[in-house]
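Engineer: A structural model of the following input is requested.
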Amino acid sequence: MAQRLALQRLLFLIPRGPLTSQGRAIGTSAGRRSTFNVQDGSDFQDRVVNSPKPVVVDFHAQWCGPCKILGPRLEKMVAKQEGKVLMAKVDIDDHTDLAIEYEVSAVPTVLAMKNGDVVDKFVGIKDEDQLEAFLKKLIGA
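Structural biologist: Next comes the predicted model:
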């Protein structure tokens, strides 16, 4: 709980874009639109499997230390792709059925999906160069 509060305070201090006259930030980051949390199996089907764009699927857990390192790093790299690829975040504790269906045996596990099919996958932490290569391969750049 203390970590969550500290993170919320930190995030509050980070500028997120132009401010309105009320002093609130207007979200302008492509990363905000490109990354989403999967709500359920139907949401996964609609937004990932049926997506016209390639999707990176981050299977993670709240208790997973490496996930807390990889998640933000991956989000940053997806945002740099300027909408060419989407990122779906799947908490394995909330969506065990999806983790089983996609044979996730360890976290973090990241799948690259195109046209509803898994085309690439990795388990564990990657550095930014490795993530960039992973994404470029997925989008065909």
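Engineer: which strands and helices sit next to the longest helix belonging to the chain?
Structural biologist: Counting by DSSP state H, the longest helix found in the chain is helix 65-80. In terms of contacts (3 or more C-beta pairs under 8 Å, 6 or more residues apart in numbering; DSSP states H and E), helix 65-80 is packed against helix 30-34, strand 35-37, strand 55-60, strand 86-91, helix 128-139. Just so you know, the C-beta spots here come from the backbone N, C-alpha and C atoms, and that holds for glycine as well.
Engineer: would you turn the ones you listed into a markdown table with mean neighbour count and mean pLDDT?
Structural biologist: Listed next are the helices and strands packed on helix 65-80 as a markdown table, based on neighbours: other C-beta atoms under 10 Å; pLDDT from 0 to 100:
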| stretch | mean neighbour count | mean pLDDT |
| --- | --- | --- |
| helix 30-34 | 16 | 59 |
| strand 35-37 | 16 | 96 |
| strand 55-60 | 24 | 98 |
| strand 86-91 | 21 | 98 |
| helix 128-139 | 15 | 96 |
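Engineer: would you turn those into CSV with distance to residue 67?
Structural biologist: Listed next are the helices and strands packed on helix 65-80 as CSV, based on distance: least, C-beta to C-beta, whole Å:
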stretch, distance to residue 67
helix 30-34, 18
strand 35-37, 13
strand 55-60, 4
strand 86-91, 9
helix 128-139, 14
